[in-house]
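In: structure for this input, please:
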Amino acid sequence: MKLKKIAIIAMVAAAVLAFLEYKGYIWHTSLFASGYEIRGLDASHYQGEVDWQKVASSGKYQFVYLKATEGHDYVDDTFKGNWEEAKKSGFMTGAYHFFSARSTGVEQAELFISNVPKEEQSLPPVIDLEIALDHPVEQIQRELKLFSNSVETYYSKKPILYVTYDTYNKYVSSGFEDYDIWIRDILKPPSLKGDSDWLLWQYCNRGRVDGIDAYVDINVFNGDQSAFDARFK
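Out: Prediction:
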């Protein structure tokens, strides 16, 4: 009988913890990410209107990445306002492009460049690679590099690649060794193929942050304050 009660209590506790994590009140990955002192957010129109001053007032986050463009013809309608307000609020700010396999890298780069300001103090551009895995590897790698080369030439900053394990292993693990990697892993600490290192880690996709009414992604930088400053400031 006692064991049955213990089992019931354990099941209820597990259910409560699962509910709290699903709702973003807690994140088990925070335990793994607690050793990293530099944190940042990434946001898009999904977060709605953001009060960046309120976000900044917490003092918890130093950098922000904002969705700018997608494919060859989509511009996030919150990008311009988020870019201006996040910078005013003191964040190191960068832009990301959601890569598409339906248009060329050159076309996508042209859209990004026409919408993202060229500012020396901004973070490097990011290419968000979350495409399906059924595309020819050579084609995706070619278009990725065409996009990257165009953007690097214009901004004088080499893009960072945001990846899942699937897209990293399929398209990026070979041939992009000189690129910094931003990895998504909301279950455990990151581990890349071949013991490659990562620069940024998205450890939470349902964060609750004062100043943002929707869930938001939370990330850490792989290094201390001096390393962050040396790389980005």
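
In: least confident secondary structure element in this protein?
Out: The helix or strand of the chain with the lowest confidence, counting by mean pLDDT, DSSP states H and E, is helix 2-22 at a mean of 44.

In: now residue 100: how far from residue 69?
Out: Applying Cβ to Cβ, to the nearest Å, the value for residue 100 to residue 69 is 10 Å. (C-beta placed from N, C-alpha, C; glycine too.)

In: so what sits against both of these two?
Out: residue 108 (Cβ atoms under 8 Å, 6 or more residues apart in numbering).

In: show me which of those two is the more surrounded one.
Out: residue 69 (25 against 18; other Cβ atoms under 10 Å).

In: convert the C-alpha atoms of whichever strand or helix holds the more buried one to PDB, please.
Out: Following DSSP states H and E, one finds residue 69 within strand 63-70. What follows is strand 63-70, C-alpha atoms only, in PDB (Å, rounded to 0.1, in the frame of the first residue of the first chain):
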ATOM      1  CA  PHE A  63      21.900  39.800 -27.300                       C
ATOM      2  CA  VAL A  64      18.900  39.400 -29.600                       C
ATOM      3  CA  TYR A  65      18.500  37.800 -33.000                       C
ATOM      4  CA  LEU A  66      15.500  38.900 -35.100                       C
ATOM      5  CA  LYS A  67      13.900  37.300 -38.100                       C
ATOM      6  CA  ALA A  68      14.400  39.500 -41.100                       C
ATOM      7  CA  THR A  69      13.600  37.500 -44.200                       C
ATOM      8  CA  GLU A  70      12.600  34.100 -45.600                       C
END
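
In: use 735 as the first number for this chain going forward.
Out: Sure, I'll start counting at 735 from here, so that last one is strand 797-804.

In: so which elements touch that strand?
Out: The contact analysis (3 or more Cβ pairs under 8 Å, 6 or more residues apart in numbering; DSSP states H and E) places strand 797-804 against strand 773-777, helix 813-822, strand 826-832, helix 839-849.

In: ok, which of the ones you listed comes nearest residue 790?
Out: If you check each of those against residue 790 by Cβ to Cβ, helix 813-822 wins as the nearest, at 8.4 Å.

In: who does the closest one touch, helix- and strand-wise?
Out: helix 786-791, strand 797-804, strand 826-832.

In: pretty sure residue 860 sits against residue 829.
Out: Yes - counting by Cβ atoms under 8 Å, residue 860 touches residue 829, with 7.2 Å between them.

In: hey, what's in contact with both of these two?
Out: With Cβ under 8 Å, 6+ apart, residue 860 and residue 829 have common neighbours residue 799.

In: report the distance from the strand holding residue 803 to the chain centre.
Out: 9 Å (Cα atoms, centre = their mean, to the nearest Å).

In: got TSV for the helices and strands packed on helix 813-822, with mean pLDDT too?
Out: Listed next are these as TSV, based on pLDDT from 0 to 100:
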stretch	mean pLDDT
helix 786-791	98
strand 797-804	98
strand 826-832	98
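
In: and these as CSV, adding distance to residue 945?
Out: Shown next, in CSV, are these (distance: least, Cβ to Cβ, whole Å):
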stretch, distance to residue 945
helix 786-791, 3
strand 797-804, 11
strand 826-832, 15
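
In: understood, closing this out.
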